[in-house]
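Trainee: This is a predicted model, with the sequence first.
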Amino acid sequence: MDLGTIVGLAVGFAMVVLGIILGGVGIGPYLSPDSVVIVILGSFGALMVANPLSRMLGVTKYIKHVFSVTSWNEGEIITQLVAFSDRARKEGLLALEDTIDQVQDEFMRKGIQLVVDGSDPDIIKGILYADLNQLEVRHEVGANIMADWATIAPAFGMIGTLVGLIAMLGNIGGDASAIGRGMQTALVTTLYGSFLANLVFIPFKIKLQDRHRDEMRVREIVIEGILSIQSGDNPRILQEKLVSFLPPDQRQAVRQEAEVG
């Protein structure tokens, strides 16, 4: 569970509520079920128009990804690839066949299997990058949904504003309370649309993009390692290639962990 996401949402929501309370009118005027219906359900309906139904029914998996943290442990991956390289240099590429079942990551396991099978380097590179490209497309879908939602929600807030203004104008000279309700809907709906866009949907999009960058970096490390093993690079050279993907403050620890004899 991503504690930062949970705390951030809680803090953002709490600060808005605190601002409302400090305003002196209480929470009541800001609670509007009709505004919720217009902004949330209305914007979701617009997204269903723009996307296949199967994609929208699976939108919860993208939201779940925002709240979950995957520990990629790049240091362990680099150590494993360097160990494979060392063994391949000493015993030959076929010696890696015994270690394939020990590889938990499916992407790395596929690459090692291609190397053991004696596939051409260009073929290995093409297959792995095809997988990488499809991964990027899948990740882009989730981020785009959140970006679209962040655009559509405030627009439905404006629709709610128009609905409220029409109701207000229709009651001018009549029921004063109806005029007040119309004005409330007009303003609160705009508030809800902006609130959801800026506290939820835009941050969710940014978080999904961040998750994407983390996984892409790990996949790039694996591809570089697989191709270097296939070409017979010195394990020490491979180690330096792979640690270059990491932030400088993490490199020395990984070098020590992946030290080859």
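Mentor: Great, that's in hand. Numbers count the residues shown, from 1 in each chain.
Trainee: all contacts plus neighbour counts: C-alpha atoms, from now on.
Mentor: Noted.
Trainee: At which residues are the helices of the stretch 151-261 of the chain located?
Mentor: Taking DSSP state H, counting those that start in this stretch, the helices of the stretch 151-261 of the chain run over residues 176-196, 202-231, 235-243, 248-257.
Trainee: Contacts only, for the spatially most central residue of the chain.
Mentor: The centre of the chain sits closest to residue 208, judged by CA atoms, centre = their mean, with a distance of 1.5 Å. Contacts for residue 208 (CA atoms under 8 Å, 6 or more residues apart in numbering) come out as 62, 65-66, 139, 142-143.
Trainee: Same list (those residues) but as JSON lines, adding secondary structure, distance to residue 204 and neighbour count.
Mentor: Shown next, in JSON lines, are the contacts of residue 208 (DSSP: H, G, I helix; E, B strand; the rest coil; distance: CA to CA, whole Å; neighbours: other CA atoms under 10 Å):
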{"residue": "62", "secondary structure": "helix", "distance to residue 204": "9", "neighbour count": "19"}
{"residue": "65", "secondary structure": "helix", "distance to residue 204": "9", "neighbour count": "17"}
{"residue": "66", "secondary structure": "helix", "distance to residue 204": "6", "neighbour count": "22"}
{"residue": "139", "secondary structure": "helix", "distance to residue 204": "13", "neighbour count": "17"}
{"residue": "142", "secondary structure": "helix", "distance to residue 204": "9", "neighbour count": "23"}
{"residue": "143", "secondary structure": "helix", "distance to residue 204": "8", "neighbour count": "22"}
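Trainee: what's the helix or strand for the closest residue to residue 101 other than its chain neighbours?
Mentor: By the measure of CA to CA, 6 or more residues apart in numbering, the closest residue to residue 101 outside its immediate chain neighbours is residue 109, 7.8 Å from it. Under DSSP states H and E, the secondary-structure element containing residue 109 is helix 106-116.
Trainee: Which secondary structure elements does that helix sit against?
Mentor: Contact analysis of helix 106-116 by 3 or more CA pairs under 8 Å, 6 or more residues apart in numbering; DSSP states H and E lists helix 121-170, helix 202-231 as its packing neighbours.
Trainee: Give the burial count for residue 161, as a bare number.
Mentor: For residue 161, the count of nearby residues is 23 (other CA atoms under 10 Å).
Trainee: what's the closest non-adjacent residue to it?
Mentor: With sequence-adjacent residues excluded and distances taken as CA to CA, 6+ apart, residue 161 is closest to residue 186, at 3.5 Å.
Trainee: give the contact list for the one you found.
Mentor: Applying CA under 8 Å, 6+ apart, the residues near residue 186 are 158, 160-165.
Trainee: picking up where we left off before, do you know which of the helices and strands packed on helix 106-116 lies nearest residue 251?
Mentor: helix 202-231 (13.5 Å; CA to CA).
Trainee: Run the chain-centre distance for stretch 230-237.
Mentor: Computed by CA atoms, centre = their mean, to the nearest Å, the chain-centroid distance of stretch 230-237 equals 33 Å.
Trainee: Could you export it as CSV, CA atoms only?
Mentor: Provided in CSV are the C-alpha atoms of stretch 230-237 (Å, rounded to 0.1, in the frame of the first residue of the first chain):
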residue,chain,number,x,y,z
GLN,A,230,24.3,-13.3,-25.1
SER,A,231,27.2,-11.3,-26.6
GLY,A,232,29.6,-12.7,-23.9
ASP,A,233,30.5,-9.4,-22.3
ASN,A,234,32.8,-9.4,-19.3
PRO,A,235,30.7,-9.6,-16.1
ARG,A,236,32.4,-6.5,-14.6
ILE,A,237,31.6,-4.5,-17.7
